[in-house]
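> after the sequence you'll find the predicted model.
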Amino acid sequence: MPPVSPARRANPPGPTVLFRPECVASMLEARGTVAGRLTQPDTGAFVPGMAYAIRIHRHGGPDCLVREEVSVSEPGPGEARVRQRAIGVNFIDIYQRTGLYPLALPAVLGQEAAGVVEAVGSGVTEIAVGDRVAYAGLTGGYTDVRTLPAERLVKLPMGIDDEIAAAIMLKGMTAEYLLRRTHRVSPGEAIVFHAAAGGVGQIACQWARALGATVIGTVGSPEKLDVARRHGCDHVLLTDASLPARVRELTGGAGADVVYDSVGRDTFEASLDCLRPRGLLVSFGNASGPVPAFLPLVLTTKGSLFLTRPSLVHYVAARADLVASAEALFAVIRAGHVRIDVGRRFPLAEAARAHAELESRRTTGPTILLP
Ligand SMILES: NC(=O)c1ccc[n+]([C@@H]2O[C@H](COP(=O)([O-])OP(=O)(O)OC[C@H]3O[C@@H](n4cnc5c(N)ncnc54)[C@H](OP(=O)(O)O)[C@@H]3O)[C@@H](O)[C@H]2O)c1
């Protein structure tokens, strides 16, 4: 049995809140750690049923993120316990931290990770103990070990290591559905992709180019121009007032077939102005804030435009779609069409620093956390 600390007696294990943050420091001193995991002081063995996690108890800035000890349930029917080796950081983590996308609190942040299956519950057929797996879209990823629905896990093939997997599951499957299902990008089309040097941007721009499109990427600062150029963009533009005119120049006056806009409030109008008549605006994020209300008539006056506001969750809801999306992603990486350059790595305990860097636009490519 693991030692029972005074903090544990005051806060018996349960599915959610376990320890008050002020208790955690003394507990961590009382127990050893190996690579940031809870270990028993005498044997050095991992403490069963417990994990380190990064949680929020209120919405706000990066300082809301606190490292705490949480319980991990034994896998029930249809569940698996995964020892996580790398965890992806995504802009949605920031929306959830700030409350733009509110969560029931306290909450462990994080949507994607890769690791090894340690145990499975009854009825699990998709994966087995010892498999390398990854997932996206399951809130609670900022932890070293967790129990999850097995049907949301995808087996990792050779050639996709843990860090790459943690960097691509959410961002790469997003690129997959945006380019192949929201709109099927075809050879000869011209697309505009905002935040082209970012996590989703680097994957999507390389993939779109492999599909034969002319890729016009946008970036927010001159130092990112080259990064975007090296990740699939035929042309890279700064997101300033000249953007629609520059896009028209590059498309022989026609305008782009599709604009993929994850920046939101700051670029929405310009994105509409970049499109050809009957072009499609795919508004899929709010990095600068949500797009304000507007009149649908605007779409008519700007050329009978189409607008969609998709989310990954609806494109991988069925297991068959999840597996097909992940396999398509693994295939373009293994074929060398999409190169994954992990931009920044932080220890899990420094998740707050990772958030501060991502939201202040100082990162390029995917950011990961290492437990
Ligand atoms: N709907 C979906 O299914 C779905 C799924 C995944 C991701 N997303 C969205 O895709 C976007 C990219 O996600 P990511 O995790 O890969 O992040 P990211 O692109 O690595 O980072 C966001 C980028 O947005 C740009 N940006 C523009 N204005 C900004 C502002 N005011 N504050 C912060 N950033 C700003 C920055 O690039 P520049 O400096 O170059 O402008 C920044 O690097 C996010 O908006 C996310 O919500 C949507």
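Cool, the structure landed.
> ok, residue 96 - contacts?
Counting by C-beta atoms under 8 Å, 6 or more residues apart in numbering, residue 96 touches 102, 103, 107, 109, 139. C-beta: built from backbone N, CA, C; applies to glycine.
> highest neighbour count among those?
Sorting these by how many neighbours each has (other C-beta atoms under 10 Å) puts residue 109 first, at 26 neighbours.
> ok, now how distant is it from residue 333?
26 Å (C-beta to C-beta, to the nearest Å).
> likewise residue 306?
Residue 306 is 30 Å from residue 333, by C-beta to C-beta.
> ditto for residue 247
29 Å.
> who has more neighbours, these two?
Shown here are residue 247 and residue 333; by other C-beta under 10 Å, residue 247 has more neighbours (25 against 21).
> so which elements touch the host helix or strand of that one?
Using DSSP states H and E, residue 247 falls within helix 243-250. Using 3 or more C-beta pairs under 8 Å, 6 or more residues apart in numbering; DSSP states H and E as the contact test, the elements touching helix 243-250 are strand 214-219, strand 235-238, helix 268-273.
> quick revisit: just flag the most distant two among the contacts of residue 96.
For the contacts of residue 96, the maximum inter-member distance is 12.7 Å, found between 102 and 109 (C-beta to C-beta).
> could I get stretch 149-156 in CSV with only the CA atoms?
Listed next in CSV are the C-alpha coordinates belonging to stretch 149-156 (Å, rounded to 0.1, in the frame of the first residue of the first chain):
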residue,chain,number,x,y,z
PRO,A,149,-12.5,5.0,-23.5
ALA,A,150,-10.6,2.5,-25.6
GLU,A,151,-12.6,3.2,-28.7
ARG,A,152,-11.1,6.7,-28.9
LEU,A,153,-7.6,5.3,-29.0
VAL,A,154,-5.7,4.8,-32.2
LYS,A,155,-2.7,2.4,-32.5
LEU,A,156,0.5,4.1,-33.6
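> which helix or strand contains residue 202?
For residue 202, the enclosing helix or strand under DSSP H and E is helix 199-210.
> send the alpha carbons of that helix over as PDB?
Below are the C-alpha coordinates for helix 199-210, written out as PDB (Å, rounded to 0.1, in the frame of the first residue of the first chain):
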ATOM      1  CA  GLY A 199       0.800  23.900 -35.400                       C
ATOM      2  CA  VAL A 200      -2.200  23.200 -37.600                       C
ATOM      3  CA  GLY A 201      -0.800  25.500 -40.300                       C
ATOM      4  CA  GLN A 202       2.500  23.700 -40.900                       C
ATOM      5  CA  ILE A 203       0.700  20.400 -41.400                       C
ATOM      6  CA  ALA A 204      -2.200  21.700 -43.500                       C
ATOM      7  CA  CYS A 205       0.000  23.800 -45.800                       C
ATOM      8  CA  GLN A 206       2.300  20.900 -46.600                       C
ATOM      9  CA  TRP A 207      -0.700  18.600 -47.100                       C
ATOM     10  CA  ALA A 208      -2.500  21.000 -49.300                       C
ATOM     11  CA  ARG A 209       0.500  21.400 -51.500                       C
ATOM     12  CA  ALA A 210       0.800  17.700 -51.800                       C
END
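> what about the strands in the stretch 201-350 of the chain?
214-219, 235-238, 256-261, 275-283, 306-308, 344-347 (DSSP state E, counting those that start in this stretch).
> and of those strands, who's closest to residue 226?
Proximity to residue 226 (C-beta to C-beta) singles out strand 235-238 among these, at 8.1 Å.
> the closest one: which residues count as buried?
Neighbour-count burial for strand 235-238, with 16 or more other C-beta atoms under 10 Å as criterion, is recorded at 235, 236, 237.
> what do you get for stretch 125-139?
Per 16+ other C-beta under 10 Å, stretch 125-139 contains these buried residues: 126, 127, 131, 132, 133, 134, 135, 136, 137, 138, 139.
> format these as TSV; extra columns: pLDDT and distance to residue 273.
Below are these laid out as TSV (pLDDT from 0 to 100; distance: C-beta to C-beta, whole Å):
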residue	pLDDT	distance to residue 273
126	91	46
127	97	47
131	98	48
132	98	46
133	98	44
134	98	39
135	98	38
136	98	33
137	97	32
138	97	38
139	97	36
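> how about those in a markdown table, adding secondary structure?
Formatted as a markdown table, the buried residues of stretch 125-139 follow (DSSP: H, G, I helix; E, B strand; the rest coil):
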| residue | secondary structure |
| --- | --- |
| 126 | coil |
| 127 | coil |
| 131 | coil |
| 132 | strand |
| 133 | strand |
| 134 | strand |
| 135 | strand |
| 136 | strand |
| 137 | coil |
| 138 | coil |
| 139 | coil |
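> quick one: low-confidence parts of the protein?
1-48 (pLDDT under 70).
> give me every residue in it lying close to the ligand.
90-92, 170-171, 174, 195, 197-201, 219-221, 224, 239, 262-263, 266, 284-288, 310-312, 358-359, 361, 363 (C-beta under 6 Å from any ligand atom).
> quick one, which of those are buried?
Here, 16+ other C-beta under 10 Å leaves 90-92, 170-171, 174, 195, 197-201, 219-220, 224, 239, 262-263, 266, 284-288, 310, 312, 358-359, 361, 363 buried among the residues of the chain next to the ligand.
> would you mind putting the CA coordinates of stretch 246-254 into CSV?
The C-alpha trace of stretch 246-254 is given here as CSV (Å, rounded to 0.1, in the frame of the first residue of the first chain):
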residue,chain,number,x,y,z
ARG,A,246,-2.1,40.6,-52.6
VAL,A,247,-4.2,37.4,-52.8
ARG,A,248,-6.0,38.8,-55.9
GLU,A,249,-2.6,39.6,-57.5
LEU,A,250,-1.4,36.1,-56.8
THR,A,251,-4.5,34.5,-58.3
GLY,A,252,-4.6,36.6,-61.5
GLY,A,253,-7.4,38.8,-60.1
ALA,A,254,-9.8,35.9,-59.4
